[in-house]
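A.B. asks: Predicted structure and sequence below. I'll ask about it afterward.
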Amino acid sequence: MRVCLVAPPIGLAQSAASRVDVQDCRIRDILTFGLPLDTYMIVSFLRQFVYLGPPKTASTSLHHWLSEPPLCETRWDSARGGQHDSAIPSDATAFFTFASVRNPYSRAVSLWRHSVKDGQHAKPPIPLMSFEEFIAWMPTAPRFYRASQSEIIAGAKLDAVVKIERIEDVIELPPIAPLRHQLPALPHLNRTGYDGWWNYYQPALAHAVRAHFAPDFQRFGYPPFPVHDCDASNWAPVPRAPPART
């Protein structure tokens, strides 16, 4: 969790200072069985906002960008580790709260690519799987890979949701819009690197993802059937094998 302490509003200074070290921001890593917890979170006492970023929703990019001046005085250094937490501090519950979300079909592909790239570092290690095998494994997978975005941010009172398909909308959010001309360009970090997500799906796989992530389709308004400038005849005819780990 990243807690920004640059000139916190009157009334929050004492409670914030008592909770973290007296410095601009504090980095804290929390790991569970070798995997990060559910979400990136930034709590800004300077701008009075809370950002929640479920895995594979451009959360690394947004976390980096939201940690830049003038939103935070000291830039986040990714070499210092991730900031994973999901419990909003009690004195920040009135802040403007928003989350990033992603088309569940696209997110499932990105989660699979993450398992291929980083799964060997988990405890226990995650074996290499084809995309088809990964989707079959997902219901019993560790929470990082299993949980829907709706489950991850359950209980959070959201004022806005930013779909990463329109990530530029983050600039229009009330705590950020007044600073738009002072902000750096949005980065795109931690890419998993793959071609269009629709190329990974057969109808049976699309049905499995649609069932597993049903709450996300319903809550965030994503179409339950793959929609793109291609038809079902262009879907992948065979399961995708995992690329080699390096």
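C.D. replies: Done, it's in.
A.B. asks: C-alpha from now on. contacts and neighbour counts both.
C.D. replies: Will do.
A.B. asks: So what touches stretch 210-230?
C.D. replies: V101, N103, P104, Y105, P139, S148, Q149, S150, W198, A206 (CA atoms under 8 Å, 6 or more residues apart in numbering).
A.B. asks: Would you check which pair of these lies furthest apart?
C.D. replies: S150 and W198 (22.2 Å; CA to CA).
A.B. asks: From V116, how far off is the nearest residue to G119 once chain neighbours are set aside?
C.D. replies: Closest residue in space to G119, ignoring its immediate chain neighbours: I126 at 4.7 Å, by CA to CA, 6 or more residues apart in numbering. The gap separating I126 from V116 is 8 Å, by CA to CA, to the nearest Å.
A.B. asks: Might you list the low-confidence residue ranges for this protein?
C.D. replies: By pLDDT under 70, the low-scoring segments of the chain are 1-39, 73-86, 188-195, 227-240, 242-246.
A.B. asks: From the contact counts, what lies against the lengthiest helix in it?
C.D. replies: Criterion DSSP state H: the longest helix present in the chain is helix 104-118. With contacts defined as 3 or more CA pairs under 8 Å, 6 or more residues apart in numbering; DSSP states H and E, the packing partners of helix 104-118 are helix 131-137, helix 203-212.
A.B. asks: And the next helix-or-strand element following the last one, what's buried?
C.D. replies: It refers to helix 203-212. Where DSSP states H and E defines the elements, the next helix or strand beyond helix 203-212 is helix 214-220. Going by neighbour count (16 or more other CA atoms under 10 Å), the buried part of helix 214-220 is A214, P215, D216, F217, F220.
A.B. asks: what about the helices in the protein?
C.D. replies: 13-19, 59-66, 104-118, 131-137, 143-146, 149-152, 203-212, 214-220.
A.B. asks: For L179, find the nearest of those.
C.D. replies: helix 59-66 (11.6 Å).
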